[in-house]
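Student: Test case, fold it:
(chains A and B)
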Amino acid sequence: MGPEKATRALGINAGGLHKFPAGVGNDKDGLQHFMLITEYKWKHNTQRHADALTDFSDTYEKERFFESTNAFAFYLPKGSLKTQYSATHGPVEFGFFGALLNSESSDILNRLQAQLPDIVASDQNVFSKAYDFWKTIGNVGIDELRPNIDKYDYKTKFGFNIGEAVGGIVMGKDKSSAVASLSMRKSGNPYTTLVFSGVKERRQHAFSFDFLPRNAVESYQITEIIKKLKRGMLPGLKRSGDKKNKTITFEKNILGSKAGQNYSGPEFADEAYKPIKKTISTGSSTGNILSSAFFDYPNVYKIGIYKRDGNKNQYLHQIGQSSMLNLKVTYGNEGGSQSFFKDTGAPTRVKLDLTFKENFGLTRNFVKQLEGA
Amino acid sequence: MANPVDVYVNANSKNIHNYRFPSTLGSIGGDKFTFFLVKEILQGGELSTTGTIALPMPTNLVDDYKVEYVDAELGPIGATAVGMGTHIANGFSAENMGNALKNGLKTVNKNMLSQVVAKKALEMVPGLSTGDAKTTAGQIVTSATNRAVNPYATGVFKSIGFKTFNFTFKLYPLNVSDTNAMKQVINYFKASMLPEDEVIKHTGRGHGHDDFTYEQKTGLQKLPHRFNISFRDGSPSHHGGRTYYMFKIEDAAMTSFSVDYESEGGPSFFKGTSAPTNATLNMTLQESKIHTRERDISMYDIR
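Tutor: Down below sits the predicted model:
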């Protein structure tokens, strides 16, 4: 089936796969297309293959910094196949000098680049070369700008400044440019340009799943999926200090193992629980344990839309490594009457809302890597 | 079969403040209900049960988890520092630190350096901009070279807030017994969510030399009570009846409680008692502990 093939291809342990409904991604049944949400935990990795900047980018692109924990295969909920791209551009008023510099800055840059000291190579004379370099910066700027000042309408600009100065004698600074403008019947060109200022918005994807379990096993599967997802998205907070442990006996639900043996509900009684012994920390009751001063980071996720053959649907957008911002579970009908299965007390409807936000701003490289375009 | 509400109340509370609505709650087999365990905060932060309230299921059952991330624009230098910091943090040693620094230096390349230097050079031009000269200089370099410095925008985990829950209970009394039960439930919620002025009793002697007692307020207040809330499936055999499929709330403060006696379009009263024919309770509760992975495991896996 599709989810199994997809997780195998991704190198994810089959035991970590959770599906709902069970037949999702089946080539014989409906629901051939499915969503696969894979969960990853940060992995300590001291191996470095590149410089620090490339390493930083690699944490979002490559999986050598993360190990997979769980995978969740769901049907495609309504409204899930949409995304948005944004790039921030803003108008900038360069003004006269700014525009002049802009027209020449390419040459300035080239000259500066040619004169850069060989800092990268850690040359022995790096400091003396750097000193020479900074000294030449001023000369480069002046050399490049001087021949151009005469070419442009510099005299008018000069006159305009005089007009502004005269206006400034009798009124506030904000009105002085109006005086100059009216006197000369000219208005200053702000040299407005639209300049790219970066990809500031990271993509956000929200999915709303409506689960309608038909029996105890499906209710159990949904509960386990919610449990795994919320534990992945929550930060960890371990205890520190002198720990004292004690062994307790608690009752663990064993329906999960029955579910694996084609257990068909709705029986869900006391025999579904088994006493288990476990050693736990006695926590703050000993008085010498504090919660750690640091949270462990929540896990991260990758989301893909797959076909029944276990391959990604290449006709759709792809979503990169994301963090889960919100997990909301609504049991029954919100604001309406509630209904539960008679035997198990499980709700007959569970709505699961998930909101993810990508961990990086998109670039052409990321999109190419994600979508293989 | 024993009433599951009785079974659960007896197992959890030795106090007299045990209320339920309707008064017959649990008497019909399979009734699902909401169970409030009201706890007083003792000195040292320990909690002691002071009473219980059992109500039918609320109209909204929402369990909401939110994790807060902040947007950070690290820029190339910040991203390099993160890459180096990760290296150092993963294996702290002098050799490793040295490698990390060398690794960081490798990121200094001619293209990036010239872009930064050109920006710095332009910033120094007097009168470049009436506004922010630094920003304008950066934008000029971007515009002229068709290359922008990667902001390395990313999300940084900030915190996790306290979980908040809103519940609405619609109560329709059918008889005087239910009316009284409704009143008791409302009164107990009010009393439990509010602080209590601390009072000391004194004994004095009057002019006629008769002893009398009087109360003096200390100016201090006892804290409002906390609430543990769970949803029961009505069967006393299932581990106190807590349904495995539902969430629960522990150690929560009630931050808001409202009672609406005219939620059905207008005020209406019973003829004999003049008691309202219905009441809608809206309450907001906020857990007093942050919900981390470890807390989730201890709340749901170890019972």
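
Student: C-alpha only now, for contacts and for neighbours.
Tutor: Fine.

Student: What's the separation between A:Thr344 and chain B?
Tutor: A:Thr344 sits 8 Å away from chain B when distances are taken as Cα to the nearest Cα, to the nearest Å.

Student: Could you report the neighbour count for that residue?
Tutor: For A:Thr344, the count of nearby residues is 21 (other Cα atoms under 10 Å in any protein chain shown).

Student: In a helix, it, correct?
Tutor: No. Counting by DSSP: H, G, I helix; E, B strand; the rest coil, A:Thr344 is not found in a helix; it is coil.

Student: Torsion angles phi and psi at it?
Tutor: Note on A:Thr344: backbone dihedrals following degrees, to the nearest 10 are phi -100, psi -20.

Student: That one reaches A:Asn215, doesn't it?
Tutor: No. At 9.2 Å, A:Thr344 and A:Asn215 do not qualify as touching, with contact defined as Cα atoms under 8 Å.

Student: Give the buried residues for stretch A:217-226.
Tutor: A:217-223, A:225-226 (16 or more other Cα atoms under 10 Å in any protein chain shown).

Student: Show me those that map onto helices.
Tutor: Members of these lying in helices (criterion: DSSP state H): A:217-223, A:225-226.

Student: And those residues, which is closest to chain B?
Tutor: The closest of those to chain B turns out to be A:Thr223 (Cα to the nearest Cα; 6.1 Å).

Student: Show the pLDDT at that closest one.
Tutor: At A:Thr223, the pLDDT value in this model is 94.

Student: Tell me who's in contact with it.
Tutor: Residues counted as contacts of A:Thr223 (Cα atoms under 8 Å, 6 or more residues apart in numbering or on different chains) are B:Tyr245.

Student: Also A:Phe207?
Tutor: By Cα under 8 Å, 6+ apart, the contact list for A:Phe207 reads A:77, A:79-80, A:353-355.

Student: For B:Phe227, which residues are in contact?
Tutor: Applying Cα under 8 Å, 6+ apart to B:Phe227 gives the contacts B:36-39, B:249-254.

Student: which of the residues you listed has the most neighbours?
Tutor: B:Val38 leads those on contacts (other Cα under 10 Å) with 26 neighbours.

Student: which residues pair with it across the strands?
Tutor: Beta bridges link B:Val38 to B:Gly51, B:Phe227 when assigned by DSSP bridges.

Student: from what I can see it touches B:Ile249, true?
Tutor: No. Counting by Cα under 8 Å, B:Ile249 is not a contact partner of B:Val38; they are 11.9 Å apart.

Student: can you list residues touching both of those two?
Tutor: Common neighbours of B:Val38 and B:Ile249, using Cα under 8 Å, 6+ apart, are B:227-228.

Student: Just the pLDDT at A:Gly168, thanks.
Tutor: In this model, A:Gly168 carries a pLDDT of 65.

Student: sorry, that was for A:Trp134
Tutor: On pLDDT, A:Trp134 comes in at 58.

Student: again with the one 3 residues further on
Tutor: A:Ile137 carries a pLDDT value of 61.

Student: same check, this time on B:Pro173
Tutor: B:Pro173 carries a pLDDT value of 95.

Student: Residue ranges in the stretch 101-250 of chain B under the pLDDT threshold?
Tutor: Residue ranges of the stretch 101-250 of chain B with pLDDT under 70: B:101-108, B:110, B:121-122, B:124-133, B:235-242.

Student: the helices in it, which residues?
Tutor: B:110-123, B:133-145, B:176-193 (DSSP state H, counting those that start in this stretch).

Student: Can you list the buried residues in the longest one?
Tutor: Spelled out, that is helix B:176-193. B:178-182, B:184-186, B:188-190, B:192-193.

Student: Please apply the same query to the shortest one.
Tutor: Neighbour counts over helix B:133-145 (16+ other Cα under 10 Å) mark B:133-134, B:136-145 as buried.

Student: now do stretch B:50-70
Tutor: Applying 16+ other Cα under 10 Å to stretch B:50-70 flags B:50-67, B:69 as buried.

Student: Tell me which of those fall in strands.
Tutor: B:50-55, B:61-66, B:69 (DSSP state E).

Student: ok so, going back, now go through the contacts of B:Phe227 and say which are in strands.
Tutor: Per DSSP E, these map to strands at B:36-39, B:249-254.

Student: B:Asn282 and A:Met324, how far apart?
Tutor: B:Asn282 sits 30 Å away from A:Met324, going by Cα to Cα, to the nearest Å.

Student: Could you check which of those two has the larger neighbour count?
Tutor: A:Met324 (28 against 16).

Student: Just the pLDDT for the closest residue to B:Asn166 other than its chain neighbours.
Tutor: Nearest residue to B:Asn166 in three dimensions, chain neighbours excluded: B:Thr284, at 4.5 Å (Cα to Cα, 6 or more residues apart in numbering or on different chains). pLDDT recorded at B:Thr284 is 96.

Student: still on that earlier bit, what subset of the buried residues of helix B:133-145 is also close to chain A?
Tutor: By Cα under 8 Å from any Cα of the partner chain, the members of the buried residues of helix B:133-145 lying near chain A are B:136-137, B:139-145.
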